[in-house]
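Student: give me a 3D structure for the following:
(one chain, ligands or ions: 3)
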Amino acid sequence: MRKLDISVIGVPLDYGQSRRGVDMGPSAIRYAGAIKRLEAIGHTLKDEGDVQVSAVEHKDREATNLKNLEEVVQATSELANRVAEVVEKGNFPLVLGGDHSIAIGTIAGLSSKYKNLGVIWYDAHVDMNTAETSPSGNIHGMPLAVLMGRGHERLVNIYKDGQKVKPENIVIIGARSVDPGERILIKDLGMKVFTMHEIDRDGMTSVMKEAIAYLQSKNVDGVHLSLDLDGLDPLYTPGVGTPVPGGISYRESHLAMEMLEDSGMITSAEFVEVNPILDEKNKTADVAVGLMGSLFGEKLL
Ligand SMILES: NC(=[NH2+])NCCC[C@H](N)C(=O)O
Ligand SMILES: [Mn+2]
Ligand SMILES: [Mn+2]
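Tutor: Ligands and ions are numbered 1, 2, ... in the order given. Next comes the predicted model:
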């Protein structure tokens, strides 16, 4: 097992969507024991604290169909710088959200080191809307499009100009809520998506084997795991802002994390969308920390 120097960065950002409380995600995850859990496996942990997030009032609708753009740009820009510092000193970045718009900053920062990054997007959604296609105006539904170079230029050009990940280097796992504009983009770009259909039909073992082999065939120089807790069924992770029934099970998710650990390919990770206000006794943060355990090498025996 790899022994890693893990740098934890919290991003208490909730401006990427409209349900307050996801800004408390980083504290809920820390409270659920993330640091000690990973130390117990043998890793060295450094808590780098939280990214500074504005506290202005949330806007409801905007003419641009990009809610709270300024606040999201500010926080993700700082996050990108912090992630870049972490990877430049050779540490493993573990980012705690916050809503999923933070992926724009995490992956922008990773682009300082990784020139052919692979991404595993574990999510009920595909987060590939732009202002033109978004039904909500919520930026947390847009990060994957932005990272592929599509969307508002303020978002696309965070940290450095343009595309941060190639569409063919992305694997989406768990999708079951896709908007019309996103469906077109997936088809146009020929993206690799394992929806719930493939997980039901072939099983998680087969899906993960294929996902790992696919990324290896792209000769990626690192793989980032972006795990939205709503990828799991709301039965297991009720504390999320946009739950979708019919999701990935608790056991399947642990298996997926264990297979990623066995592959040795993951070089950074983020856990997003934990909203303690919507949760039941911090259940969702507890699941997040359990999954981190499996991802970082915890074994049952
Ligand atoms: N990261 C998330 N939870 N995203 C949910 C996105 C929901 C919907 N597709 C939208 O664009 O608003
Ligand atoms: Mn989601
Ligand atoms: Mn998401």
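Student: so which helix or strand takes in the most centrally placed residue in the chain?
Tutor: With distances taken as CA atoms, centre = their mean, the residue of the chain nearest its centroid is S226 (2.7 Å). Using DSSP states H and E, S226 sits in strand 222-228.
Student: mind checking the pLDDT average for whichever helix or strand comes after that strand?
Tutor: Counting by DSSP H and E, the element after strand 222-228 in chain order, helix or strand, is helix 250-263. Averaging pLDDT along helix 250-263 yields 98.
Student: and helix 250-263, what's buried?
Tutor: Residues of helix 250-263 classed as buried by neighbour count (16 or more other CB atoms under 10 Å): 252-261, 263. C-beta coordinates here come from the backbone N, C-alpha and C atoms, glycine included.
Student: what sits up against stretch 184-200?
Tutor: 126, 128, 145, 148, 150, 167-168, 170-176, 178, 207, 210-211, 214, 246-248, 252 (CB atoms under 8 Å, 6 or more residues apart in numbering).
Student: from those residues, list the buried ones, please.
Tutor: Buried among the contacts of stretch 184-200 by 16+ other CB under 10 Å: 126, 128, 145, 148, 150, 167, 170-176, 178, 207, 211, 214, 247-248, 252.
Student: what does the pLDDT read for G239?
Tutor: In this prediction G239 is given a pLDDT of 98.
Student: for the stretch 1-150 of the chain, what spans make up the helices?
Tutor: 25-31, 34-41, 69-88, 103-110, 143-147 (DSSP state H, counting those that start in this stretch).
Student: got those helices as CSV, with distance to M196 columns?
Tutor: Shown next, in CSV, are these (distance: least, CB to CB, whole Å):
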stretch, distance to M196
helix 25-31, 24
helix 34-41, 28
helix 69-88, 29
helix 103-110, 21
helix 143-147, 18
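Student: mean confidence score for stretch 37-57?
Tutor: The average of the pLDDT scores along stretch 37-57 is 97.
Student: who's in contact with that stretch?
Tutor: So stretch 37-57 is contacted by 1, 3-13, 15, 23, 26, 30, 35, 70-71, 74-75, 78-79, 82, 86, 91, 94, 105, 289, 292-293, 296-298 (CB under 8 Å, 6+ apart).
Student: let's see it at 6 Å
Tutor: 3-13, 26, 35, 71, 74-75, 78-79, 289, 293, 296-298 (CB atoms under 6 Å, 6 or more residues apart in numbering).
Student: now the buried members of those residues.
Tutor: Applying 16+ other CB under 10 Å to these flags 4, 6-13, 26, 35, 71, 74-75, 78-79, 289, 293, 296-298 as buried.
Student: for whatever residue of the stretch 1-150 of the chain ends up closest to ligand 2, what are its contacts?
Tutor: Closest residue of the stretch 1-150 of the chain to ligand 2, CB to the ion: H125 (3.8 Å). By CB under 6 Å, 6+ apart, the residues touching H125 are S177.
Student: repeat that for 7 Å
Tutor: Applying CB atoms under 7 Å, 6 or more residues apart in numbering to H125 gives the contacts 141, 175, 177, 242.
Student: show me what it is bridged to.
Tutor: For H125, the residues forming beta bridges with it (DSSP bridges) are S177.
Student: and it, how far is that from I172?
Tutor: Look at H125 and I172: by CB to CB, to the nearest Å, they are 9 Å apart.
Student: quick one: name the residues of the stretch 101-250 of the chain near ligand 1.
Tutor: Residues of the stretch 101-250 of the chain lying close to ligand 1 (CB under 6 Å from any ligand atom) are 125, 127, 129, 134-136, 138, 140-141, 179, 228, 230, 242.
Student: can you select the buried ones from these in PyMOL?
Tutor: The following PyMOL line selects those of those that are buried, judged by 16+ other CB under 10 Å:
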select buried, resi 125+127+129+134+136+138+140+141+179+228+230+242
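Student: can you lay out the residues of the stretch 101-250 of the chain next to ligand 1 as JSON lines showing pLDDT?
Tutor: Output for these, formatted as JSON lines (pLDDT from 0 to 100):
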{"residue": "H125", "pLDDT": "99"}
{"residue": "D127", "pLDDT": "99"}
{"residue": "N129", "pLDDT": "98"}
{"residue": "S134", "pLDDT": "98"}
{"residue": "P135", "pLDDT": "97"}
{"residue": "S136", "pLDDT": "97"}
{"residue": "N138", "pLDDT": "98"}
{"residue": "H140", "pLDDT": "98"}
{"residue": "G141", "pLDDT": "98"}
{"residue": "D179", "pLDDT": "98"}
{"residue": "D228", "pLDDT": "99"}
{"residue": "D230", "pLDDT": "99"}
{"residue": "T242", "pLDDT": "98"}
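Student: having no further points to raise, I will conclude here.
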